[in-house]
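# Have a look; sequence and predicted model below, questions after that.
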Amino acid sequence: MARPAPAPLYTLRGAGSPLNALHFSCCEGDPPLLFSGSGQGSVHVWNLTTRRAERVLEGHSGASVIWLNTLHSKDTLISQGRDMRVCLWDLAEGRSDVTDTLWTGSVGFCRCSLLETGPGRWLLAHPGEAMEEVKIIDLPSKSPVCSLIPQAKLGMVMCIKLWQPDSSPGPLLLAGYEDGSLVLWDVSQRSVLSSAAAHPEPVMCLDFDPARQRGISGSSEKSLASWMLDGQHRLQLQQPVALVNPGISQLCIRGDRKIVASAGWDHRVRVFGWKKLRSLAVLQHHTDMVISLAFSDQQDPRNRLLAAGSKDQRISLWSIYNQGSDSDTGFSLRHAHSPLKHERADSRRAAQVRDYWPHIKAKHCKDKHSWVDLTEESST
Amino acid sequence: MMQSLTPDVEVRLSVGQCVRTLTTSKEKEEVTKTLHTLTSYLDDGPQSTITSAQRAEFSRAHYTRTLQFLISNINADWLHLLTVAQCTELWDGLFLRGPPDQTLLVLMDGISSMSSPSAGLDRLVSILERFLQSGRLTVLLWSRCQGNGPSDSPQLRETLLGRLVALPDLTANQLHHHNKTLFFPQQYYPLLARDMLTVLERTCQALRDGKDCSLTFVAQTLGKACVQGHSGLVFGVLAPRLSSCTRSDMVWQRVCWKLLENVPERWLESVLTGLVQAVNGPDALSRIMGNLVLKNKKAQFVITHKLLLLQYKYETRVLSIILGYLAKDRERRPLLIQVLRSLCQAWANPSAVRHTPLEQQLYVSRALLLCVGLLSDAELQALRSELLQCMLGGMQSHLDSSVVRVRRMGMVVGECLSSRMDVNGAKLKFEYEQDEETKELLSLMTPLSDDETELLDDRLDLPQEVKGQTVPSQAVPSQAASVAQKSGADPDSELDSDDELTPYDMSADQEMSQAAPPRYLRDCLEAFLSSEDPVRVDLSLRAIEGLVRKNTSTAREVSVELSKVLLHMEDRYNTVGFLSLRQAAMVALTVTDSVPVTEYLTTEFYSMNYSLRQRLDILEVLTMSAQELSQPITDKGGPSKAIQQVTTDTPLYPGDDPIHWRQVVERRIQSKTKRLSKGVTRPPAKPTPNRYAPVAGHFFFPLLRNYDRPQVTFDLLGGDHLVLGRLIHTLGLLMHLAVNAPVATQMGRALLDFVWAVRYHVDQTVRRGVLFAVCSVFLSMPSQSLLVELSDQLFETRAWLADVAEGDPDADCRNLAMQSLVLLEKSLKTELNPAALGLQS
C-alpha cells in the first residue's frame, strides 16, 4: 500500500496575480526568504518563518515578472520583466531601490540564465532583440560578451540554461527553440556544438544536470523529453517520459540531483526520481495551472522545500523526500563493494533510519516551537 | 517304554527340583547352582550334559512356567543374595536366551499384572528393554518364518500378535510417566520395521539356499501395525529399503510380493494406503507390489476405487504414484482404462458436482487429468467418444455451478481434455484467472518423464551415508554458481534504482477533462437522458453523488426518476469505475429519500425485463443504503481532508502558536497523570438516532412479496439460484441491521417463514444465504420473541441445523450451521434459565 498523496506544508496567498517566477534565498542565520514575481509586475518578498510577505517591490511598471535571482546574497536581486528590462535591486538594510536596469528588447517569454564566473562576476544570458537571439553579457559591468543566433530557422528562443562544465574552458549554453529543437552552444567559440529535435512543439522549459550530463525538457505535449550529452558534446535523446496530462511550464532538478519536479498545466506538480525518471508523487493542490517552481537551497537538506507558484495566485510549499538523504550515498557505495552483504546493509540502513527518526522529529519540533517538544518527549 | 518317557520325566523332575530349591533355599551357592542348571537347558555350552531332546522339552513345556515362577518370586529373599553381575547373568539371562515368543508373553503379562511403581516392575521393564535392544524380536519373527516352528493354536498366535503390535500401548498404560523412550511408538515401530527387514533379508538368503519360509506371521504383524494406525512409521523405514533392494534383485521382489499377498484381507487396506504414501515413485510401488491388484480383489478395490473415488485426503504425489503404477505394466493397463472410465463418470456426474465437497471434486479432477496424461494416443483414440461425452456433460454441470472454483475447475479440466484429445485441431479455450489451483491442474497434464522419476527415485533411495557424500558435492557447485550469477547481476540494478525513494499514492492522478462538472442535479439528469457527449455523461456521473448529498431537497424531488435512469443506465462510453460510481449515486439517493426509492427499487426487483445484473445491483444498493442508514452520521469527506488540516493548522497571526493552549495544558496533565487501567480512553459515543430503524420495513417486506411468482424472464425458485442466494443474503443483512428496531420481530418471523421453504436447496450459495439469514435472525431478534416464534418448530429447526452442521458438503454451510446452533442455544439459555430459577424458588 503506497503512502497517501502528500499535502502541502503551507500555502502563501495574497500575491493577487499569477506567479510567474519563484526564487529562494536561504542564508544561515537569517530567516529564509522566498521571492515571487507576479503577473502584475510586483515582486513579493516572503518571510518563511512568519509566512508573510515582508515587502512588495514594484519596478517593472506593471509588466509581469518572469524570472528572479539573487547575486551573491539576498540583498542584490535581479529580476526580468516583460517590459523588456532586467532590473538589479538593492535590498540591503530595508532599501528597495532599483540600482541598475538593462534593456533586453525581448518580447518573448524566455527566462534569463545566470552563471557565476568568479567572485563578484557573473555571466547573464538573456533573450535578445531578434526573436531567435541569445545575448550574453558580463555582470556587473554590463559589457556584452557575445550574441548567439542560429543559422537555421528555429523560431523564437524559448528557454536557456548557461553552465560551466569541467571539461571545456568556456561556458556552454543550452537553448530550446520554438520549433522544438534543442541547441548546445559553445559560448567561447560562439558556435553550435550540436542540436536535437527534442519536441514537435515549442520547448517550454528545460533543466540540465552538469554532473550527470543529463537534462530534461518539457513542452506542451503529454511527455517529457530526457537527453544526455556524450563525451563529444553531442545531444542524445533518451526514452521520453509519458505524462497523464499535457503541458509543462517549468522543470526543476533539486540540488542533490535526486528528484526532479515539473509544473504542469493540469494544476499538478509531478515529482520524478532523477536517476530513472520513475514517477514518485503527484502534488495536487492548485486550482489552476502551475507556472513556476523552485527548490530551496538550505544548508540542511532536511529543511529543503519545494515551492510551486500557480495561476490561481497562490504559492504552495512542500516538504518532500527530505529524510535520510545524507546517508544514502554512503550506503550505495558500500553496496558496490560487497554485493553479498545486501541484506545486512539494508537492515543496517533501516536501523539507522529508525535511530535517526525521533531525532529528526524532535529537531523539527524544536525549530517551530521548542517548549512543546519538551512535553512531548517527557510523555513518550 | 521307560526309555521313551525319559527326557520328558527327567526334565520335569529336574525343573521341579530346581523350583523347590529356589523356594526354600537361603544358601547363595545353592541358588546360583540351581539357576545355572535352569540356564543350561537354554543353550548348549561345551560341557553341557543336556541333550537336545531335553532342551526342546524344556522350551516346550517348562520355560513359560519357569519364567512365571521367577517373576512371581521377584521379591524373594534369595534374589538379594546374588551380586548384581550374577543377577544380570543368570536371572536376566533366563529371559533373554529362551524362546522369544514365550518371553515376550510372560514379560508383558508380568508388566501388566505388577503394581506400579515397584522395583520388580522396574526390573521387568529393563529386561524388556534389553530384550528389544538385543534383537530378540528378529529371532521371534524369524522363528515364525521357519516352517518347522511349533504348530501352535490360533489363539496363542493372535495373543502374541496383539502383544507384539500393541507393546507401546500396554507399556504406556502401565508405566504412565515413567515410560521408556524405546517403548514410544516413534521408536518402537521403526525398530519393529527394522526387525522385519532383517527377517526378510534372512528369508531371501534362505530362499537362495533352497529353503522354504513362511511369511505369514511377518505379514500379519505388518498388517496389524498398519491397521492400528502406525503405517506411516513402519513404512517410513520399510519403503525406502524395499524399494532399493527390489531394484535389481528378483528374490527380493518375490519376497515383497509374497509378504503383501500374505497380509490378511481385513488389514490389507491400511497396509496399501501406508505403502502408497511412503514410496517415492510408481516404479518403486510396482516393484514392491507386483501385480497384487490383479490377484487380490480387495487390493484392486482399494487401489482403483477407494483411494481415488471415495477418499480424497491424499496429496497429488500419491495420486500420480497410484496411477503411474497402474500404467506401468501391460497387464495392469486395462485397470487404468477402467479407472479412467469411473473417474470420468465421477467427474461428469451433475449430482456429484452439486453434492460432494469441493476438495473431493478437486481431487477427482486431479486424478482425471493425471490419468489422461498417462494414456497413450492409441488408447485415447479408442476412448475418444466416451471422453468426449464425459467432457461435454461434465463441463455443463461444472459451468452451471454457482461456485467460482467449481466453474474454474470445469474450465481447466475441459481445456486439458480437449487439448489432449485434439478434436480436429480444435481446442477449447476459456478465460479465467490463473491461480495456484489452476496452475497445479494444468501442470498435471505433463507428467514427469521416466528418467526424471527414476532420477528422483535414485536420489531418495540412496542409503543415508552415501547420500551424505555424493549429493552435496553435486549440489554445492550449482548453488554456488547461482549465487554467483545473482551477485553478478544485482549490484548494478541496486545502484541505479530509485529504490530509496518510495513513491506516494498516485491513483488520484487522472486525466483532466476540458468541460466543467455540472453543478445542478437536473443538469445531470438531462445529461443521462439525452446527452451523446461522453465527457458530459462522465462528468455528471462523477458529480452526481456529491450533488445528491449536498442538495437533499432537490434530490427528493427527482429521486425516483433519477433512480430509474441510473438503474437502466449502460456503460456506453466505457467510463472508468462506472459500476461503483453508479452504485454510489444510487445509494446516495436511497439514503436521502428512503421510502419512495426503496419502494421503486423493490417493485422493480420483481418486474419483467431486467437482467440478472440489474437485479443483483438493486439488492446491493439496498444493502449498502441500509448499512449507511444504520450507522451514525459521520462527516463524509469534505473537499479534501489534507487541505482542511492545513487550513486549520496554519496560525492566524504570525508568532501564534499553532497548538491551542488548551491542548498543551491537556497534554501536560496527561503526561503527569498515571493511569492504572490500560487501553485507550475514548470519549463516550454520542447517541444519535438510528435512521434505519423507522424505514427498515420499507426495505425488507416488499422483497418478500413476489418471490413465488415465476415470470418469463425471471424464475426465482427455478433456475435463478444466484439471485435467490443473493436475495436471501440481502434479507439476512437487512435483518441484521435492524437489530434493536421495533420491527425486528415481525421481520424475523417473516424471514424464518420464507427461508424454511428453501432450507434444503440444491445450490450451496442458496443454502449459505439461508444459514446466514437464520444466523442474523437469531442475532437480531429479541430472544423472548424468538422463543415465541420458534415454539412450534424449535425442535425441527435444531434438527435441521444439526443435520446441516454434520452432513453438508460445503464447509461454509457447516460452519454457519454450527454458528446458528450456538446462537440458538445461547438465546434459549438466556430465556429459559430465569424461568427455571423462578420455578425452583
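Arrived safely, thanks for sending. Numbering: from 1, shown residues only, chains lettered A, B, ... in the order given.

# Which residue would be the closest one in the stretch 1-150 of chain A to chain B?
A:A7 (3.3 Å; CB to the nearest CB). For the C-beta atoms, the positions are set from N, CA and C on the backbone; glycine is no exception.

# any idea how far B:A508 is from that residue?
Between A:A7 and B:A508 the distance is 12 Å, computed by CB to CB, to the nearest Å.

# the more surrounded of those two?
A:A7 (19 against 12; other CB atoms under 10 Å in any protein chain shown).

# Next, that one: phi, psi?
Main-chain torsions, A:A7, degrees, to the nearest 10: phi -110, psi 160.

# and if you look at B:G732?
Torsion angles, degrees, to the nearest 10, at B:G732: phi -60, psi -40.

# give the contact list for it.
Applying CB atoms under 8 Å, 6 or more residues apart in numbering or on different chains to B:G732 gives the contacts B:751, B:769, B:772-777.

# again with B:S270
By CB under 8 Å, 6+ apart, the contact list for B:S270 reads B:223, B:226-227, B:229, B:231.

# Identify the residue nearest it in space, chain neighbours excluded?
B:C226 (4.1 Å; CB to CB, 6 or more residues apart in numbering or on different chains).

# TSV please, covering the contacts of B:G732 and showing pLDDT.
Output for the contacts of B:G732, formatted as TSV (pLDDT from 0 to 100):
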residue	pLDDT
B:L751	89
B:G769	91
B:F772	92
B:A773	92
B:V774	90
B:C775	90
B:S776	90
B:V777	89
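
# Which pair of those residues spans the longest distance?
B:G769 and B:V777 (12.5 Å; CB to CB).

# Spit out the contact partners of the closest residue to B:D720 other than its chain neighbours.
With sequence-adjacent residues excluded and distances taken as CB to CB, 6+ apart, B:D720 is closest to B:F714, at 6.3 Å. Applying CB under 8 Å, 6+ apart to B:F714 gives the contacts B:606, B:608, B:610, B:615, B:720, B:723.

# Quick one, which of those residues are buried?
Those of the contacts of B:F714 that meet the buried threshold are B:606, B:610, B:615, B:720, B:723, by 16 or more other CB atoms under 10 Å in any protein chain shown.

# pLDDT and distance to B:P99 added to those, as CSV?
Output for the buried ones among the contacts of B:F714, formatted as CSV (pLDDT from 0 to 100; distance: CB to CB, whole Å):
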residue, pLDDT, distance to B:P99
B:Y606, 85, 86
B:Y610, 85, 87
B:R615, 89, 82
B:D720, 78, 77
B:V723, 86, 77
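
# Could you tell me which of those residues belong to helices?
B:615, B:723 (DSSP state H).

# Looking at the buried ones among the contacts of B:F714, which is nearest A:F272?
Distance to A:F272 across the buried ones among the contacts of B:F714 (CB to CB) is lowest for B:R615, with 47.4 Å.

# Surely that closest one and B:S607 touch.
No: B:R615 sits out of contact with B:S607 when judged by CB atoms under 8 Å, with a separation of 9.7 Å.

# can you confirm A:G108 is in a strand?
No: assigned with DSSP: H, G, I helix; E, B strand; the rest coil, A:G108 falls outside any strand and is coil.

# Pretty sure it sits against A:I160.
No: using CB under 8 Å, A:G108 is not in contact with A:I160, being 11.0 Å away.

# between the two, who's got more neighbours?
Neighbours per residue, other CB under 10 Å: of A:G108 and A:I160, the larger number sits with A:I160, 22 against 18.

# list the buried ones in the helix or strand harbouring that one?
Under the criterion of DSSP states H and E, A:I160 resides in strand A:157-163. Going by neighbour count (16+ other CB under 10 Å), the buried part of strand A:157-163 is A:157-162.

# Mind checking the pLDDT average for the helix or strand just after that strand?
Counting by DSSP H and E, the next helix or strand C-terminal to strand A:157-163 is strand A:172-177. Strand A:172-177 shows a mean pLDDT of 94.

# gap between strand A:172-177 and the chain center?
16 Å (CA atoms, centre = their mean, to the nearest Å).

# and the nearest residue in space to A:G37 that is not next to it in sequence, what pLDDT?
Nearest in space to A:G37, with sequence neighbours left out and distances taken as CB to CB, 6+ apart, is A:V65 at 2.9 Å. Here, the pLDDT recorded for A:V65 equals 94.

# neighbours of A:V65, just the number please.
A:V65 sits with 28 neighbouring residues when counted by other CB under 10 Å.
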